[in-house]
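Visitor: just the structure for this:
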Amino acid sequence: MNTAKSSAETSANAVKTTTEKKDAADTTAANSVADTINNLPASGDVTTADKDAIETARTAYDALTDVQKAKVSTDTLQKLTDAETALEVAQTELYIRYDANGGSGSMSDQEFEKEVETELNTNTFTREGYSFKEWNT
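Guide: Take a look at the predicted model:
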């Protein structure tokens, strides 16, 4: 009887150890992805230069199992979705089209990144009898 009990205890301990190992592996995987997400910039600081890091974080999160995803905090997941939203805004293409307004010359359109302060190009237009003061938008 002691042998049967001992064998059952050994089996139970083996199952427990296997479960603990799986839980530890799931926690490690979730923590690794959470670290990747938490290293992303705050949503207000996201620029198009962060695209690869944000996409890498999303791919890593999506590759987790449901059990592993449950171990990632809601705040961490929110940081990822906020970064993705901010990236969409940053990727909006904005252009300034320069108009000589009766003058001569040409200037190429200038591309801008939304919410990133950028100086306008220097005026190259000319118009006889006029001097350039400033851009008017």
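Visitor: just give me the residue right at the centre of this structure.
Guide: The structure's the chain has its C-alpha centroid closest to I54; by CA atoms, centre = their mean the separation is 2.8 Å.
Visitor: can you tell me the element that residue falls in?
Guide: When elements are assigned from DSSP states H and E, I54 belongs to helix 51-63.
Visitor: which elements pack onto that helix?
Guide: Taking 3 or more CB pairs under 8 Å, 6 or more residues apart in numbering; DSSP states H and E as contact, the helices and strands that helix 51-63 lies on are helix 2-38, helix 74-90. Bear in mind the C-beta positions are built from the backbone N, C-alpha and C, glycine included.
Visitor: what sits against the residue nearest to the centre of the chain?
Guide: Applying CB atoms under 8 Å, 6 or more residues apart in numbering, one finds that I54 lies in contact with 40, 46, 80, 83-84, 87.
Visitor: which of the residues you listed has the most neighbours?
Guide: Ranked by the number of neighbours (other CB atoms under 10 Å), the contacts of I54 place V46 first, at 24 neighbours.
Visitor: skipping adjacent residues, who's closest to that residue in space?
Guide: The shortest distance from V46 to any residue other than its chain neighbours is 3.7 Å, reached at A86 (CB to CB, 6 or more residues apart in numbering).
Visitor: how far away is the one you found from T19?
Guide: Taken as CB to CB, to the nearest Å, the spacing of A86 relative to T19 amounts to 40 Å.
Visitor: neighbour count: these two, which is higher?
Guide: A86 (22 against 10).
Visitor: quick one: contacts for that one?
Guide: The contact partners of A86, taken as CB under 8 Å, 6+ apart, are 43-44, 46.
Visitor: now it: how far from E117?
Guide: For A86, the distance to E117 - CB to CB - is 16 Å.
Visitor: do the same with A57
Guide: Here A57 is placed at a distance of 27 Å from E117 (CB to CB).
Visitor: higher neighbour count, the two?
Guide: A57 (24 against 6).
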